[in-house]
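Trainee: My questions are about this predicted structure, shown below with the sequence.
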Amino acid sequence: MPAAWPALDLLNAGPAREPAPEGVLFAYLRAAEGGDVGAMLQAADRLACYPGRGAEALGWIRRAAEAGEPRAMTRLGAILCRGWPGVARDEAEGRRWWTRAAAAGVAEARVELTRWEEQRGVAVSEAADGEGGR
């Protein structure tokens, strides 16, 4: 995966994938358009492999997160806190997504949130207090 995609590179286990054959991508997009949140994440992973389709990939991650998919919440938190090409950092929103994912039981989100807090000297309770401040 190109170095231009740091958030997905950090979140995907294993080696970078080559772009998916168009038929596979089309199938995931069709299922995603039908509301399948798992397909939204699969489509996003595959779209991110194509130059110029990062915004579309991010759109599917956001839709899956907004639909309540905890893994998507974790990814969206990472993208917003760390940055992604063409996406402005928004650490407050990123923390909120990590907090929601952690509350849904995603250990990775809790680790990311704790790491972020430790790096910035923010206590866990302070971050939680700032959750509803927007």
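Mentor: Good, I have the coordinates. Note that the structure is a prediction, hence the values are computed from the model and not measured.

Trainee: Any regions of the protein where pLDDT drops low?
Mentor: Applying pLDDT under 70 to the chain flags the ranges 1-20, 123-134.

Trainee: what about the spatially closest residue to Gly35 that is not a sequence neighbour, neighbour count?
Mentor: If the residues on either side of it in the chain are set aside, Gly35 comes closest to Ala67, at 7.5 Å by Cβ to Cβ, 6 or more residues apart in numbering. Quick note: C-beta positions are derived from backbone N, CA and C, even for glycine. When neighbours are defined as other Cβ atoms under 10 Å, Ala67 has 13 of them.

Trainee: Next up, the contacts around Ala67.
Mentor: Taking Cβ atoms under 8 Å, 6 or more residues apart in numbering, we find Ala67 in contact with Gly35, Val37, Met40.

Trainee: Throw those residues into CSV and include distance to Gln119, secondary structure and neighbour count, thanks.
Mentor: Below are these laid out as CSV (distance: Cβ to Cβ, whole Å; DSSP: H, G, I helix; E, B strand; the rest coil; neighbours: other Cβ atoms under 10 Å):
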residue, distance to Gln119, secondary structure, neighbour count
Gly35, 37, coil, 10
Val37, 30, helix, 20
Met40, 30, helix, 28
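
Trainee: now, among those, which is nearest to Val111?
Mentor: Within those, the smallest distance to Val111 is 22.3 Å, found for Val37 (Cβ to Cβ).

Trainee: Can I get the contacts of Ala67 in a markdown table including distance to Gly105?
Mentor: What follows is the contacts of Ala67, written out as a markdown table (distance: Cβ to Cβ, whole Å):
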| residue | distance to Gly105 |
| --- | --- |
| Gly35 | 22 |
| Val37 | 16 |
| Met40 | 19 |
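
Trainee: Would you mind measuring from the residue nearest to Gly35 to Ala31?
Mentor: 13 Å (Cβ to Cβ, to the nearest Å).

Trainee: Also Glu108?
Mentor: Separation of Glu108 from Ala31 (Cβ to Cβ) stands at 24 Å.
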